[in-house]
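Asks: okay, sequence plus prediction incoming.
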Amino acid sequence: MSFAPLLLLALAVHADPVSDEALKRAIQLPVVAHEMRRDGVPEEDVDVVLDAGRKSGMGAGGTTEALEAARDAGRQEGRTDNLGAFVRERIEAGLRGQDLAAAIHAEHQARKAEREAQKAAEGDAPTDEPGKAEEARGKAEEARGKAVETKGKAVETKGTMKTGGKGQGGK
């Protein structure tokens with residue numbers, strides 16, 4: 001068996017840093033999905049995001065980015081119920097890459113602020129300072145506005161975005 005074809009293949013793959021990065025991102029998909037499950041994200045939420053990425057033609061690299069954003073936001077802001085449905089809606093609206101990651105982070109922040117507002121309203125706030133509940137509600141509204149703003153951008157650009165999938169306007 002000749003090693004020349006394998007050597008040429010290795011050189012061809014290595015010569016294209018964009019392909020190299022895309023391959024690395026795709027390889028990370030099962031790792032990130034496993035990390036999310038280990039962090040306590042329900043299997044159904046992870047599966048919904050994986051399915052939405054596949055159906056949209058987003059590709060493994062893009063789906064990995066979405067899962068990483070959800071994982072990181074969950075670690076920073078706390079776990080979010082029904083996350084899969086939220087991410088699926090944003091993917092279906094046409095969000096990809098950094099826009100999708102920003103929407104996921106904004107949603108996590110909004111839900112965290114809502115939890116804090118609810119705790120403050122119930123008197124379970126870490127401090128008994130007056131106005132703490134109103135401040136938490138204000139943060140929730142601000143974060144929710146960011147999430148809605150990113151959804152609006154996706155709707156505006158949905159018809160022109162390239163997803164990279166076959167038959168989807170990609171390369």
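Replies: That came through fine. Just so it is clear, the structure is predicted and the values come from calculations on it, not from any experiment.
Asks: show me the shaky parts of this structure.
Replies: Across the chain, the ranges flagged by pLDDT under 70 are 1-18, 124-171.
Asks: the helices in it, which residues?
Replies: Along the chain, counting by DSSP state H, helices occupy 4-15, 17-38, 43-56, 59-77, 83-92, 97-122, 132-157.
Asks: so R79 sits against P42, correct?
Replies: No. At 9.2 Å, R79 does not count as touching P42 under the criterion of CB atoms under 8 Å. C-betas here are computed from N, CA, C, even on glycine.
Asks: more neighbours: which of the two?
Replies: Neighbour count, other CB atoms under 10 Å: between R79 and P42, R79 has more, with 18 against 15.
Asks: please tell me how far the more buried one sits from E21.
Replies: Distance from R79 to E21, counting by CB to CB, to the nearest Å: 29 Å.
Asks: same thing with R96?
Replies: 16 Å.
Asks: with neighbour numbers in mind, choose between these two.
Replies: Neighbour count, other CB under 10 Å: between R96 and E21, R96 has more, with 22 against 11.
Asks: quick one, phi psi at that one?
Replies: R96 adopts backbone torsions of phi -140, psi 160, taken as degrees, to the nearest 10.
Asks: now it, nearest residue through space, not along the chain?
Replies: G62 (5.8 Å; CB to CB, 6 or more residues apart in numbering).
Asks: thought that neighbour was touching R54?
Replies: No. Applying CB under 8 Å, one finds G62 not in contact with R54, separated by 10.5 Å.
Asks: sweet, I'm off.
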